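>>> Sequence plus predicted model, see below.
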Amino acid sequence: KLLASFMPKPLIWTEIKQTGQTPAPRQGHTLTVVTSGTAGRTYVLFGGLDAEKKNNKIAPNNQAYLLRLQNQNTALWSLLNCTGDIPLPRTNHAACAAGNDRLYIFGGQYSSNQRFNDSYFLKISTSQWSQPPNQKSGHEPKNTESKIGAPEPRANHSATFFNNKVYIFGGNGGIGFQRKTFNDIYSLDIETYEWTKLEPAGNPPDPRSGHTSAMLPSGKIVFYGGVSTNSQFSNVIIYNIEANEWQDPEISYDIPRWNHCAIMYDYPPSWKYFIFGGSVGAFDESSNRNLGRFSDDTLVFDIESETWQLPDLETTGGLSQAIKPKARESASMTYDHFDQRILVYGGWNNNWLNDLWSLNISLITGPTYAIYKISPCLGPLTGKTRVTITGVGFVNTSSITVRFSSGKNQQDAQGVYVSETEIQCETPTFEAVGPKEAEVRLMLDRGDFTTTFAGFKFFLNTKAEKTIAFGPGLLKDNALKTETMFIIQARNLLGENRKSGGDEFILTLEDLSEKPVIEAVQAPTEEEEEDQEQDKEKQKEKQQEKKEGQEQQEEKAEGEQVAEPEVVEPFQIIDTEKGYYIVKYKVDQ
């Protein structure tokens with residue numbers, strides 16, 4: 001449930017002005033975010049097929065650029081002067097961050113019929129390339145089988161990093177002049193540099209290339225889309241690393257898509273997979289083959305709910321349609337955590353592109369913190385109910401606003417930080433709004449309110465004069481030494497039954513036998529009056545004897561420590577938390 005009023009930043013694509021050593025227009029490149037020491041998140045662009053001719057022909061490059069985001073609207077490019085084992089030019093390779101300060105690339109196309117199956121690492125802080133000691137190459141690819149167990153030469157595959165291993169899946173290529181599509185999966189240990197061809201359980205996915213992949217914290221790799229020589233794909237498949245198993249959640253979206261770009265955004269409460277562009281279409285072996293059409297769609301796949309969303313982009317400047325990047329394929333996508341936006345660069349649309357676009361996705365993802373539940377989840381209109389809000393990503397700050405809203409009505413309360421997963425506050429008064437269901441969101445440090453919320457119900461307080469009690473325990477005749485019971489049904493000012501607990505009752509048990517009973521009787525005779533006088537004298541004598549006995553006991557116990565007699569509460573009150581209470585009691589004498 002998305003409410004624009006809680007998210008100030010609109011869902012609008014914005015073209016970013018590029019300065020510095022701007023790369024030439026290109027496709028089949030990679031743009032990867034790498035964590036690099038004190039520099040924080042660094043964006044590294046590598047390779048691709050660009051518009052600049054080499055020896056009078058169009059060919060790939062092996063350039064590496066750094067991208068720095070200066071503000072919301074400007075970015076600075078710088079061409080790295082790399083040293084070491086510099087990889088040969090290539091396009092349609094795969095890249096991923098491989099730990100701190102390292103970029104990893106595998107494979108790719110050198111020419112229309114030459115493909116790599118080599119590995120390279122770029123240390124960002126020193127701009128130095130290196131190869132694993134057992135995988136030296138540096139020469140033009142010959143499409144030969146690897147001598148160290150690496151995957152066959154290929155392009156348009158995917159690379160995913162998890163727990164010091166890189167996982168390579170799919171792609172197209174092969175040995176010699178083969179042109180086949182793969183569905184194999186390999187892992188490379190980046191400490192030992194050993195390759196392992198995995199043999200997962202379960203039904204393997206169809207061979208494909210031009211797909212995308214992303215890592216989940218649960219140890220699962222998500223793959224989407226792709227194409228082969230005779231089919232196209234719109235489905236999601238999952239590889240479970242720990243179980244070494246293929247899993248098919250049977251989730252698809254609309255028309256098949258390939259050569260798109262995508263990124264997994266790890267914001268709570270649910271990770272989301274953002275997808276842009278690519279080629280879309282469908283054909284089979286019996287129909288005329290086509291190359292599909294270029295797409296400018298932005299898709300979101302929610303990992304938790306397993307649902308797709310095609311976000312409604314907002315219009316600006318009085319335009320009837322939202323501004324979007326040109327439709328394209330073979331572009332690259334990355335993300336900016338600081339400003340909560342995805343970035344798309346370059347690609348192909350019957351011409352090479354080098355534009356850079358951003359889309360602020362805070363309306364979809366919400367802030368870096370989320371709310372899951374509130375306890376208790378109901379309280380009186382008068383407020384001052386102490387509640388605990390459970391969530392994730394909370395930070396210790398004095399600026400915590402908890403908002404209770406119902407329709408257009410809203411009341412705020414000051415939150416108190418407890419831990420990364422807990423915030424406490426007292427509910428505000430809701431008397432001006434009335435007994436309503438409220439949505440509870442929170443905001444930290446004057447940021448954005450959470451897109452997730454928890455429900456809280458404000459109710460009218462219990463009124464004693466409206467409350468009723470009934471049951472056998474209220475009848476005139478009850479057996480001694482036998483438990484009996486009755487019900488208290490709490491009601492509010494309107495005489496409505498309460499549907500929650502939390503009330504406190506004071507119950508008293510009175511011995512009516514000691515109270516004077518007024519009866520309508522005839523006047524006593526003289527004899528009866530004499531008998532009554534005698535009874536009174538005897539009663540006075542008994543009371544005097546009792547008093548003297550008590551005084552003797554007190555004198556005897558004087559100076560001794562006497563324990564206070566234990567007060568036994570005769571009632572057991574059971575709160576059903578449904579608005580009524582079960583009262584049990586027993587009278588022994």
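On my side now, so go ahead.

>>> tell me the centre residue of this protein?
Nearest residue to the geometric centre of the chain (CA atoms, centre = their mean): Pro269, 1.0 Å.

>>> Could you list the low-pLDDT ranges of the chain?
Low-confidence segments of the chain (pLDDT under 70): 1-9, 36-40, 284-290, 513-532, 542, 546-569.

>>> could you pull out the helices for it?
In the chain, the helices defined using DSSP state H lie at 362-365, 526-556.

>>> centre of the chain versus the first one, how much separation?
Between the mean C-alpha point of helix 362-365 and the mean C-alpha point of its chain there is a distance of 12 Å (CA atoms, centre = their mean, to the nearest Å).

>>> swap in stretch 176-194?
33 Å.

>>> Same question for it: list its buried residues.
181-188, 190 (16 or more other CB atoms under 10 Å). For every residue, glycine as well, the C-beta is placed using N, CA and C.

>>> State the distance from the nearest residue to Glu191 once chain neighbours are set aside to Asn100.
Leaving aside its sequence neighbours, Glu191 sits nearest to Asn164 (CB to CB, 6 or more residues apart in numbering; 5.8 Å). Distance check for Asn164 against Asn100: by CB to CB, to the nearest Å, it reads 12 Å.

>>> same thing with Leu313?
36 Å.

>>> Those two: which is more packed in?
Leu313 (16 against 11; other CB atoms under 10 Å).

>>> Next up, the contacts around that one.
11-13, 298, 322-324 (CB atoms under 8 Å, 6 or more residues apart in numbering).

>>> do the same with Lys499
459, 578-579.

>>> List buried residues within the contacts of Leu313.
Neighbour counting over those (16+ other CB under 10 Å) leaves 11-13, 298, 322, 324 as the buried ones.

>>> Looking at those residues, which are in strands?
Counting by DSSP state E, these place 13, 298 in strands.

>>> Looking at the buried ones among the contacts of Leu313, which is nearest Gln424?
Checking those against Gln424 with CB to CB, the nearest one is Leu11 at 33.1 Å.

>>> Roughly how far does the closest one sit from Met485?
Taking CB to CB, one finds Leu11 at 59 Å from Met485.

>>> who's Tyr167 bridged to?
Beta-bridge pairing of Tyr167 under DSSP bridges involves Thr160, Ser187.

>>> If you could redo that for Gly84, that was the one I meant.
Applying DSSP bridges, one finds that Gly84 bridges with Trp129.

>>> That one reaches Trp129, doesn't it?
Yes - look at Gly84 against Trp129 with CB atoms under 8 Å: they come within range, at 4.1 Å.

>>> higher neighbour count, those two?
Neighbour tally, Gly84 and Trp129, criterion other CB under 10 Å: the higher count belongs to Trp129, 20 against 15.

>>> what's near enough to touch that one?
82-87, 120-123.

>>> Tally up the residues packed near the nearest residue to Ile105 once chain neighbours are set aside, please.
Leaving aside its chain neighbours, Ile105 sits nearest to Ala95 (4.6 Å; criterion: CB to CB, 6+ apart). Neighbours of Ala95 under the rule other CB under 10 Å: 25.

>>> So Ala95 versus Asn354, what's the distance?
18 Å.

>>> and if you look at Thr83?
Thr83 is 26 Å from Asn354, by CB to CB.

>>> neighbour-wise, which of these two wins?
Higher neighbour count among Thr83 and Asn354: Asn354, with 19 against 12, using other CB under 10 Å.

>>> Contacts only, for the nearest residue to that one once chain neighbours are set aside.
Spatial nearest neighbour of Asn354, excluding adjacent residues (CB to CB, 6+ apart): Pro25 at 3.9 Å. Shown in contact with Pro25 (CB under 8 Å, 6+ apart): 50-51, 346, 351-354.

>>> Turn the residues you listed into JSON lines, including distance to Ser111.
Formatted as JSON lines, the contacts of Pro25 follow (distance: CB to CB, whole Å):
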{"residue": "Asp50", "distance to Ser111": "15"}
{"residue": "Ala51", "distance to Ser111": "17"}
{"residue": "Gly346", "distance to Ser111": "20"}
{"residue": "Asn351", "distance to Ser111": "21"}
{"residue": "Trp352", "distance to Ser111": "17"}
{"residue": "Leu353", "distance to Ser111": "22"}
{"residue": "Asn354", "distance to Ser111": "22"}
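
>>> Can you say which of those residues are buried?
The buried subset of these (16+ other CB under 10 Å) comprises 50, 346, 352-354.

>>> Identify the farthest-apart pair in those.
Within the buried ones among the contacts of Pro25, Asp50 and Leu353 form the most distant pair, 10.5 Å apart (CB to CB).

>>> what's the overlap in contacts for the two?
Common contact partners of Asp50 and Leu353 (CB under 8 Å, 6+ apart): 25-26.

>>> that older thread, which ones among the buried ones among the contacts of Pro25 map onto strands?
Residues of those located in strands (DSSP E): 50, 346, 352-354.

>>> Endpoints of stretch 461-480, how far apart?
End-to-end distance of stretch 461-480 (CA to CA, to the nearest Å): 36 Å.

>>> now swap in stretch 373-393 and tell me
Taking CA to CA, stretch 373-393 runs 14 Å from one end to the other.

>>> Which residues outside it are in contact with it?
So stretch 373-393 is contacted by 268-269, 367-372, 402, 415, 418, 420-431, 434-435, 440, 442, 450, 452, 454-461, 500, 502 (CB under 8 Å, 6+ apart).

>>> Next, the buried residues of that stretch.
In stretch 373-393, counting by 16+ other CB under 10 Å, buried: 374, 376, 378-381, 383, 385, 387, 389-391, 393.

>>> Dump those to CSV, plus distance to Leu291.
Shown next, in CSV, are those (distance: CB to CB, whole Å):
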residue, distance to Leu291
Ile374, 53
Pro376, 59
Leu378, 59
Gly379, 61
Pro380, 66
Leu381, 64
Gly383, 63
Thr385, 62
Val387, 58
Ile389, 52
Thr390, 51
Gly391, 47
Gly393, 44
